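A.B. asks: Sharing a model prediction with you, sequence too.
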Amino acid sequence: MRFQTELVPATLIRRYKRFLADCTLEDGREVVAHCANPGSMMGLAEPGMRIWLEPNDDPKKKLKFGWRLVEHEGGHFTGVDTSVPNKALRAAFEAGEVPGFDGYSTVRPEQKYGEGSRIDFLLQGDGVPDAYVEVKSVTLARQPGLAEFPDSVTARGAKHLAELGRMAEAGHRAVMLYLVQRTDCDRFTLAGDIDPVYAAAYAAAVGAGVETICLGTHISPEGVLVGAPIAVAV
């Protein structure tokens, strides 16, 4: 998935009201950017961080910049826009490029299922079981190389795991797919200390037959691409 317009570097002044960020562009101008991330963004919203913004000239949008990336030492990036994983995965699914999903020719995003829920992707194909795939964006890293989810309490996430468990028990393929939007991590685990209820819901879902797949990403100011599998330790 390529960004629609060329990103520009900036320095973060502060993030506030969850969806707003004051930033300083390289030419000294201060601007307000939209932050498409409802999570805590632990470790990613410290004043002074180098970030990347996507400009837009859409007259319907009040804010002319969207916060897309955080840049780390060593040329690493974290993608902070939580809408990006589904966009990148849809393109990869449709191209048949997602590891573990051979044989699925039909990709149906945002399908109703369960009790008032929507699954991120329903995948179908000849000779393979329907696959219900829930996607979570992973951006937290408190130890070098180790990505964690979630970065805050997520009752919605626990509900999604319960729904997946019911799909698995009904004989469908149910997959919890964690997409790590960081280029500096090669391992993944759950942040059970942050949300023990989610960790318990995950254990119950796995017990019901839900699969876990964790994938990395290739991230640059040009775009975000789905990468190779990442080791899971939960």
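C.D. replies: Cool, the structure landed. Numbering: from 1, shown residues only.

A.B. asks: Which positions in stretch 194-204 come out as buried?
C.D. replies: Applying a neighbour-count criterion of 16 or more other Cβ atoms under 10 Å, one finds 194, 195, 198, 199, 201, 202 buried in stretch 194-204. Just so you know, the C-beta spots here come from the backbone N, C-alpha and C atoms, and that holds for glycine as well.

A.B. asks: Show only the entries of those found in helices.
C.D. replies: Assigned to helices by DSSP state H, the following of those qualify: 198, 199, 201, 202.

A.B. asks: wait, what's in contact with the first one?
C.D. replies: The neighbours of residue 198, taking Cβ atoms under 8 Å, 6 or more residues apart in numbering as the test, are 150, 153, 154, 157, 158, 161, 190, 192.

A.B. asks: The second one too?
C.D. replies: Contacts here follow Cβ under 8 Å, 6+ apart; on that basis residue 199 touches 190, 191, 192.

A.B. asks: again, but for the third one
C.D. replies: Residue 201 is in contact with 157, 158, 161, 162, counting by Cβ under 8 Å, 6+ apart.

A.B. asks: In helices only, show me those.
C.D. replies: Using DSSP H, the subset of these located in helices is 157, 158, 161, 162.

A.B. asks: Reduced to three states, what does the spatially most central residue of the chain come out as?
C.D. replies: Computing the C-alpha centroid of the chain and ranking residues by Cα atoms, centre = their mean puts residue 137 first, at 1.8 Å. At residue 137, secondary structure determined by DSSP: H, G, I helix; E, B strand; the rest coil is strand.

A.B. asks: My guess is it contacts residue 85. True?
C.D. replies: Yes. Contact criterion Cβ atoms under 8 Å: residue 137 and residue 85 qualify, at 4.6 Å.

A.B. asks: which residues are in contact with both of the two?
C.D. replies: By Cβ under 8 Å, 6+ apart, residue 137 and residue 85 have these common neighbours: 79, 179, 181.

A.B. asks: Can you select the buried ones from those in ChimeraX?
C.D. replies: Command for ChimeraX that selects the buried part of the shared contacts of residue 137 and residue 85, burial taken from 16+ other Cβ under 10 Å:
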select :79,179,181
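
A.B. asks: Between its first and last residues, how far does stretch 177-186 reach?
C.D. replies: Using Cα to Cα, to the nearest Å, one end of stretch 177-186 lies 15 Å from the other.

A.B. asks: Distance from the chain centre to it, please.
C.D. replies: Taking Cα atoms, centre = their mean, to the nearest Å, the mean C-alpha location of stretch 177-186 is offset from the chain mean by 9 Å.
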